[in-house]
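J.: coordinates only, no sequence provided:
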């Protein structure tokens with residue numbers, strides 16, 4: 001049986017910053033059939049690929065004095081779905097809960113501001129020689145990169161994006177978050193719209 005390889009957050013994590021040009025490229029070089037971009041949103045509604053809403057986990061935002069006043073605590077973030085409204089049939093092992101978190105958050109920054117940050121290794125934030133080399137990717141940039149990697153390696157590489165904190169982001173005002181993801185996938189040839197108007 002054929003085995004599919006998934007490049008989680010790009011692939012080959014550790015020294016390489018996750019969700020970077022390097023991690024996606026290395027994942028493809030190591031044979032990934034699928035690359036998994038995690039998608040969050042900026043203050044101005046743009047899609048970027050980051051695993052977390054909180055930026056200091058994988059960027060140098062904490063070292064930027066111009067953004068010191070953006071450090072804050074956000075309360076009652078929904079982990080998974082709304083803790084007050086479980087989906088019918090939701091497995092009991094999947095628990096919706098509230099989360100309080102402090103730091104710098106993607107939705108407090110415009111895309112232009114995020115583009116001034118550099119990516120850092122989550123595993124080796126001090127030691128990796130690859131820290132500070134790459135900027136935050138937009139979702140569209142990640143899709144174009146994956147298309148280019150398909151050409152480079154002469155094989156189709158697909159995507160399995162994850163909309164992070166989607167229900168909560170829609171709850172706080174980013175109502176079209178998931179629709180924008182679908183539109184980008186369609187624009188870059190990873191999905192199509194069938195005769196009934198549904199994304200496939």
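T.: That came in fine, so what should we check first? Model, not experiment: these values are computed from the prediction. Numbering: from 1, shown residues only.
J.: now the strands: where do they sit in the chain?
T.: With DSSP state E as the criterion, the chain has strands at 6-8, 34-36, 38-41, 47-49, 72-79, 97-103, 158-159, 162-163.
J.: figure out which of the ones you listed is closest to residue 183.
T.: Using Cβ to Cβ as the measure, strand 47-49 is the one of these that comes nearest residue 183, at 9.6 Å. Bear in mind the C-beta positions are built from the backbone N, C-alpha and C, glycine included.
J.: who does that closest one touch, helix- and strand-wise?
T.: strand 38-41, helix 139-153, helix 177-187 (3 or more Cβ pairs under 8 Å, 6 or more residues apart in numbering; DSSP states H and E).
J.: which residues sit against the second one?
T.: Right, helix 139-153. 19, 21, 24-25, 28-29, 35, 37, 39, 47-49, 137, 156-157, 159, 161, 181, 184-185, 187-190 (Cβ atoms under 8 Å, 6 or more residues apart in numbering).
J.: quick one, that helix and helix 177-187 angle?
T.: Put simply, helix 139-153 runs at 30 degrees to helix 177-187, going by axes from the mean of the first three to the mean of the last three Cα atoms, to 10 degrees.
J.: which ones are touching residue 67?
T.: Residue 67 touches 61, 104, 109, 113, counting by Cβ under 8 Å, 6+ apart.
J.: which of those residues has the most neighbours?
T.: With neighbours taken as other Cβ atoms under 10 Å, the top of these is residue 61, carrying 26 neighbours.
J.: out of the helices and strands packed on strand 47-49, deepest packed?
T.: Comparing the helices and strands packed on strand 47-49 by mean neighbour count (mean count of other Cβ atoms under 10 Å), strand 38-41 comes out on top with a mean of 26.
J.: quick one: strands adjacent to that strand?
T.: strand 47-49 (antiparallel), strand 162-163 (parallel) (DSSP bridges).
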